[in-house]
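Trainee: my questions concern the predicted model and sequence given below.
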Amino acid sequence: MLSAEQRTLIKATVPLLESGGEALTRHFYQLLFSEHPEVHALFNQAHQASGNQAKALANAVLMYARHIDRLNELGPLVGQIVNKHVSLQILPEHYPLVGGCLLRAIREVLGAELANDAVIAAWAAAYGQLAGLLIGAEEEVYARNEQLDGGWRGIREFRVARKVAESEEIVSFYLAPVDGGALLEFAPGQYIGLRVVLPSGEERRNYSLSARGDGRHYRISVKREHGGRVSNHLHDQVQVGDVLELYPPAGDFVLRSSQKPLALITAGVGITPALAMLEQARDSGRPIHFIHCARHAGVHAFRDWTEAQSAAYPQVRHYFCYSEPRDGDEAHAEGFLSPELLDRWLPANRDLDAYFLGPQPFMAQVKRQLRALGVPQEQCHYEFFGPAGSLDA
Ligand SMILES: NC(=O)C1=CN([C@@H]2O[C@H](COP(=O)(O)OP(=O)(O)OC[C@H]3O[C@@H](n4cnc5c(N)ncnc54)[C@H](O)[C@@H]3O)[C@@H](O)[C@H]2O)C=CC1
């Protein structure tokens, strides 16, 4: 338990973290990777290079410091972190490594005067409290996943049963457990954790489950990322019959129970979780507005499938928008998604549930546009692939 004095010291560091938070976390990651190279695999190096991971940690630390008196008001943040950690198999032994480097980084970036012994001790206590909270919540999930039918803890081997090209840059993998056992059920919108060992070392990634599944396979659909170590490995090296190592499904970007009209608005590879969501929602009979933005038809994955869904289910409407159409490409509109298009494609009654996913500038725009169109903000849901960020900056 933190003392009142320690809480005061923590709160006093909030403005410092706000102005220098990212410098602090960047320094922290440098320390962490130089002192504990074994944790490299737990962090996607592309997110590292872009600075997103440092921003996300800065944001989390800041939120925690701001709410130190009322941790129950942290909202979805703790759940989001727990889900990410579980999907990458973060374990109790990782916390002291992170904690030690974080405290050192605070001291070195703020300087000995600002980060004096009392401040460091307060942060050590706060970190210990946060770590205890997360370790407890994560163990609950690990234990539950292990006990559920078809569940498991840690790694389970899956064999690639099918590999299907979905567009010029997205490939689906159908994965069946090598042990032939049952499959843990998941909620559409969730992702699995994948561990691969490459010549350059171990890597872990999350991939959304892109189909509701047949109870025997999970499906992931992977976009080839320029320079992406894991996506290029999956595209080029992994073939039918090969074995991949998975951690159980996780994630809280899932459909909330509702009968209101549903808008699934995606761009690029962000379409993947929305496919499974559409499958889940279509059986309920609620109206579904499936809006997808792609650069052009060549990279528009699952077009045939989406069209077949709206042909088979009258309550499903689909709209495609191409930002860089090639000659002969046909779509419902061209350019980026605009307020006018959304206005036209969404039902006139704006009391709907919207789930959107795509590149960050796209999500920021959709969020603003939905608000302007009068969709209640608490009915708008989105997720970041990789470290959480902010759409409001
Ligand atoms: N939620 C998340 O965190 C997601 C992140 N991404 C990341 O975004 C990157 C690009 O994803 P791709 O599938 O290659 O998408 P992309 O680059 O093919 O773009 C798809 C569509 O997004 C829209 N879009 C792109 N930039 C926009 C902008 N500035 N404003 C408004 N709309 C815009 C356009 O309609 C475009 O056709 C990837 O590196 C991926 O990892 C992708 C999907 C989800």
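Mentor: Here it is on my side, so go on.

Trainee: for Leu110, give its distance to Gly51.
Mentor: Going from Leu110 to Gly51 by CB to CB, to the nearest Å gives 20 Å. Glycine gets a C-beta too; all of them are placed from N, C-alpha and C.

Trainee: with Ser34 instead?
Mentor: With CB to CB as the criterion, Ser34 and Gly51 are 18 Å apart.

Trainee: who's more crowded, the two?
Mentor: Gly51 (15 against 9; other CB atoms under 10 Å).

Trainee: the more buried one and Thr25 touch, don't they?
Mentor: No. Counting by CB atoms under 8 Å, Gly51 sits too far from Thr25 to count as a contact (9.1 Å).

Trainee: look up the closest residue to the closest residue to the ligand within the chain, ignoring the ones flanking it.
Mentor: Residue nearest to the ligand within the chain: Gly268 (2.1 Å; CB to the nearest ligand atom). Leaving aside its chain neighbours, Gly268 sits nearest to Gly358 (5.6 Å; criterion: CB to CB, 6 or more residues apart in numbering).

Trainee: wait, Asp351 touches Pro287, no?
Mentor: No. Between Asp351 and Pro287 there is no contact under CB under 8 Å: 11.7 Å.

Trainee: when those two are compared, which one has more neighbours?
Mentor: Pro287 (16 against 11).

Trainee: can you tell me which residues contact the more buried one?
Mentor: Each residue near Pro287 by CB atoms under 8 Å, 6 or more residues apart in numbering is listed here: Pro261, Leu262, Gln315, Arg317, Pro347.

Trainee: and the pLDDT for the first one?
Mentor: What the model reports for Pro261 is a pLDDT of 98.

Trainee: check which helix or strand covers Val164.
Mentor: strand 156-165 (DSSP states H and E).

Trainee: next SSE downstream of that strand?
Mentor: As assigned by DSSP H and E, the chain's next helix or strand after strand 156-165 is strand 170-177.

Trainee: just checking, what packs against that following strand?
Mentor: If contacts are counted by 3 or more CB pairs under 8 Å, 6 or more residues apart in numbering; DSSP states H and E, strand 170-177 sits against strand 156-165, strand 218-223, helix 229-236, strand 243-250.

Trainee: same thing but 10 Å
Mentor: strand 156-165, strand 191-198, strand 218-223, helix 229-236, strand 243-250, helix 271-282 (3 or more CB pairs under 10 Å, 6 or more residues apart in numbering; DSSP states H and E).

Trainee: tilt between whichever helix or strand Ile291 is part of and helix 271-282?
Mentor: Assigned by DSSP H and E, Ile291 belongs to strand 288-294. Relative orientation of strand 288-294 versus helix 271-282 (axes from the mean of the first three to the mean of the last three CA atoms, to 10 degrees): 170 degrees.

Trainee: now do the helix or strand just after strand 288-294 against strand 288-294, angle only.
Mentor: Downstream of strand 288-294, the next assigned helix or strand under DSSP H and E is helix 303-312. Here helix 303-312 runs at an angle of 160 degrees relative to strand 288-294 (the same axes, to 10 degrees).

Trainee: go through helix 303-312 and flag the buried ones.
Mentor: Of all the residues in helix 303-312, those buried under the rule 16 or more other CB atoms under 10 Å are Arg303, Thr306, Gln309, Ser310.

Trainee: now these in JSON lines, with pLDDT?
Mentor: Listed next are the buried residues of helix 303-312 as JSON lines, based on pLDDT from 0 to 100:
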{"residue": "Arg303", "pLDDT": "98"}
{"residue": "Thr306", "pLDDT": "98"}
{"residue": "Gln309", "pLDDT": "97"}
{"residue": "Ser310", "pLDDT": "96"}
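
Trainee: next, format these as JSON lines and append distance to the ligand.
Mentor: Formatted as JSON lines, these follow (distance: CB to the nearest ligand atom, whole Å):
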{"residue": "Arg303", "distance to the ligand": "13"}
{"residue": "Thr306", "distance to the ligand": "15"}
{"residue": "Gln309", "distance to the ligand": "20"}
{"residue": "Ser310", "distance to the ligand": "20"}
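
Trainee: so who does Glu378 touch?
Mentor: Taking CB atoms under 10 Å, 6 or more residues apart in numbering, we find Glu378 in contact with Arg256, Asp353.
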